[in-house]
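A.B. asks: Return atomic coordinates for the entry below.
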Amino acid sequence: WLLYISISALITASNAGLLVVLPLAIVTLLFIGVLVWLSYREWRAFQTFDLVLHLRESIQTADPNTSSFQIKEQFKPVLKNLRQVYPDQMGSFDSEAGNRDTISEYVSLIDNVVLRKADAVVDREIKKASLSVAVLVSVSPHPVLDALFVMIRATMLIKKIGECYGIRPTRWTSLKLFKHLLISVISSAVVEEISAKVIEDIGAGITEKTLKIASEALVSSSRM
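C.D. replies: The predicted structure is shown next:
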């Protein structure tokens with residue numbers, strides 16, 4: 001719709017002189033360029049997601065003792081991304097990959113040399129995100145802020161995990177994992193509301209308040 005309006009405005013202004021048309025034409029071309037680039041970026045991200053799903057299915061259904069040639073071809077785009085994240089590990093992988101003739105040997109090499117490092121990085125990122133959310137939720141004065149903190153931090157975590165495994169999720173492709181984020185957001189807000197109601201019934205003592213804060217932090221952290 002914005003593209004249509006831009007082109008329509010350019011056509012309408014064509015009789016107003018070069019000083020009006022030229023800046024408008026430049027802005028329109030820039031807008032079209034950005035639109036094409038964003039569309040291509042989203043398409044590539046969706047392709048990567050689909051590729052990973054197809055690759056996992058191929059590994060699960062294939063005979064592990066058959067030739068690794070076909071799997072190697074399917075792995076190439078993912079390994080290309082991993083090469084940018086883990087150059088040292090991929091160097092070790094490249095030196096050994098030629099000697100792995102079966103699917104099970106090839107997949108095992110990737111798992112032990114490259115993905116084990118990725119798993120360790122992801123584990124650290126999850127722990128950092130869980131701790132930061134627990135702290136933010138515990139000091140937050142309102143359930144809406146709890147939900148906002150969880151949503152922002154979970155979105156950052158989804159993107160980081162994707163990058164660790166050689167996938168570059170964009171905002172739209174991250175929606176594939178958005179359902180998990182929504183559950184976390186709802187959980188953090190619901191726990192605070194339930195805790196608040198319980199405290200109102202049993203009295204707002206220091207111990208009860210502490211239990212409320214701890215329960216909010218624990219649930220939000222575990223959901224993360």
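
A.B. asks: now the helices for the chain?
C.D. replies: 2-12, 18-61, 69-85, 87-97, 103-110, 116-139, 143-164, 178-202, 206-223 (DSSP state H).

A.B. asks: So which other helices or strands are in contact with the fourth one?
C.D. replies: When you say that, I think you mean helix 87-97. The contact analysis (3 or more Cβ pairs under 8 Å, 6 or more residues apart in numbering; DSSP states H and E) places helix 87-97 against helix 69-85, helix 103-110. Heads up, the C-betas are built off the backbone N, CA and C, glycines and all.

A.B. asks: Rounded mean pLDDT for the longest one, please.
C.D. replies: Read that as helix 69-85. Average pLDDT, helix 69-85: 82.

A.B. asks: Would you mind getting the angle between it and helix 87-97?
C.D. replies: 160 degrees (axes from the mean of the first three to the mean of the last three Cα atoms, to 10 degrees).

A.B. asks: again, but for the shortest one
C.D. replies: If you take the same axes, to 10 degrees, helix 103-110 sits at 150 degrees to helix 87-97.

A.B. asks: With Ser68 as the reference, measure out to Ile59.
C.D. replies: The spacing between Ile59 and Ser68, counted by Cβ to Cβ, to the nearest Å, is 10 Å.

A.B. asks: In terms of neighbours, single out the busier of these two.
C.D. replies: Using other Cβ atoms under 10 Å as the criterion, Ile59 and Ser68 rank with Ser68 on top: 20 against 16.

A.B. asks: ok, and the closest non-adjacent residue to that one?
C.D. replies: What sits nearest to Ser68 in space, not counting adjacent residues and going by Cβ to Cβ, 6 or more residues apart in numbering, is Tyr106, at 3.9 Å.

A.B. asks: and that neighbour, what is it in contact with?
C.D. replies: 68, 71-72, 75, 97, 100 (Cβ atoms under 8 Å, 6 or more residues apart in numbering).

A.B. asks: follow-up on the earlier one: let me have the helices and strands packed on helix 87-97 in CSV, extended by distance to Trp1.
C.D. replies: Below are those laid out as CSV (distance: least, Cβ to Cβ, whole Å):
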stretch, distance to Trp1
helix 69-85, 33
helix 103-110, 45
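
A.B. asks: what's the closest of the ones you listed to Met224?
C.D. replies: For Met224, the closest of the helices and strands packed on helix 87-97 is helix 69-85, at 22.2 Å, according to Cβ to Cβ.

A.B. asks: Give me the below-cutoff pLDDT ranges for this protein.
C.D. replies: Residue ranges of the chain with pLDDT under 70: 169-181, 184-185, 187-189, 191-209, 211-212.

A.B. asks: Repeat the analysis, applying 80 as the threshold.
C.D. replies: Applying pLDDT under 80 to the chain flags residues 2-3, 6-7, 9-10, 13-21, 41-55, 68, 70, 77, 137-147, 166-224.

A.B. asks: Give me whichever of the helices and strands packed on helix 87-97 is most buried.
C.D. replies: Compared across those, helix 103-110 shows the largest average neighbour count, a mean of 18 (mean count of other Cβ atoms under 10 Å).
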